[in-house]
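1. My questions concern the predicted model and sequence given below.
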Amino acid sequence: MKYIVKNINSFNQIDIDNFYDEIIPSKKEIINKLKNTTKKKQSIIGELLLKELLKKNKLNYNNINYYINEDGKPYLLNNSTYFNISHSYDYVIVTTSNKEIGIDIEKIRKTKLNVINRFATIKEKEYILSSNEDILKRLFQIYTLKEAYFKMKGTNLKDILNVEFEIHNDRITCSDKSVNAFFIYDINDYIISYCEKN
């Protein structure tokens, strides 16, 4: 697994505009539909980072053929390299792997605690609510693991309560034994989780 994570504010608008012209037409079409300028910027930078990572895998971004499944997961056609992109506020992360992979980044931020009822199992709720200290960190740990898992699977979140994560001293176990899950701690105030097929 390889990844690149960057702050979107480290790119100037000229670099972004120049790279936009290089984006493959089918992806440019998706970006053009975005109304929010920050989301557009995140998406363009995501493509730029993907280009860098594919180059490290000896793949040419401009020659890739890919498709997007019905739940929105992109795949490279006729290739054993998998990739995934995630963004949150000021950061974008892109990962590649020779296994099915999903990644999610989220800024730790104020949120209503009752949101856990939408995605957390009973055990996960117990973990999140185990202490008032770092409660939001634990909430976003579980949330990003769930997001990464379903991005890896290439399915939507309708079965979000059917998979469960347990965290002990940053060691993560998943109820789906075919999956390995990890945290990446590179950025203050953000949680990055990824799930990869065994």
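-> Sure, I can see it. Residues are numbered from 1 along each chain as shown.
2. for the record, mean pLDDT for stretch 69-78?
-> In this model, stretch 69-78 has a mean pLDDT of 82.
3. can you check stretch 7-27 too?
-> For stretch 7-27, mean pLDDT is 91.
4. Would you mind pulling the contact partners of the helix or strand of the chain with the lowest mean pLDDT?
-> Lowest on mean pLDDT, DSSP states H and E among the helices and strands of the chain sits strand 66-68, with a mean of 82. Contact with strand 66-68 is made by Ser26, Pro74, Tyr75, Leu76, Leu77, as judged by CB atoms under 8 Å, 6 or more residues apart in numbering. Every residue, glycine included, has its C-beta placed from N, CA and C.
5. out of those, who's nearest Asp189?
-> Of all the contacts of strand 66-68, Pro74 has the smallest distance to Asp189: 27.8 Å, by CB to CB.
6. Which parts of the chain are helices?
-> Per DSSP state H, the chain carries helices over the ranges 13-20, 25-32, 37-56, 116-119, 122-128, 135-153.
7. Run through who's touching the fifth one.
-> Contacts to helix 122-128, defined as CB under 8 Å, 6+ apart, come from residues Ile116, Asn117, Ala120, Ile135, Arg138, Leu139, Ile142, Glu164, Phe165, Glu166, Ile167.
8. would you put the C-alpha positions of that helix in PDB?
-> These are the backbone C-alpha positions of helix 122-128, laid out as PDB (Å, rounded to 0.1, in the frame of the first residue of the first chain):
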ATOM      1  CA  ILE A 122     -23.700  -1.600  20.400                       C
ATOM      2  CA  LYS A 123     -20.100  -2.500  21.000                       C
ATOM      3  CA  GLU A 124     -18.900   0.400  18.900                       C
ATOM      4  CA  LYS A 125     -21.100   2.800  20.800                       C
ATOM      5  CA  GLU A 126     -19.700   1.500  24.100                       C
ATOM      6  CA  TYR A 127     -16.200   2.200  22.700                       C
ATOM      7  CA  ILE A 128     -17.100   5.700  21.500                       C
END
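9. Buried ones in that helix, by neighbour count?
-> Glu124, Lys125, Tyr127, Ile128 (16 or more other CB atoms under 10 Å).
10. can you name the two of those that are farthest apart?
-> Pairwise distances across these (CB to CB) peak at 7.3 Å, for the pair Lys125 and Tyr127.
11. hang on, the earlier thing: and the least confident helix or strand of the chain, how far out from the chain's middle?
-> Distance of strand 66-68 from its chain centroid, counting by CA atoms, centre = their mean, to the nearest Å, is 17 Å.
12. And stretch 145-161, by the same measure?
-> The chain centre lies 11 Å from the centre of stretch 145-161; the measure is CA atoms, centre = their mean.
13. What mean pLDDT does it get?
-> Mean per-residue pLDDT for stretch 145-161: 90.
14. neighbouring contacts of that stretch?
-> Residues outside stretch 145-161 that contact it (CB under 8 Å, 6+ apart): 69, 71, 73, 75, 84, 86, 100-104, 106, 118-121, 163, 165, 172, 174, 176, 179, 181, 193-197.
15. Repeat that for stretch 187-194.
-> 1, 3, 5, 84, 86, 88, 91, 93, 95, 101-108, 137, 140-141, 144-145, 147-148, 152, 181-186.
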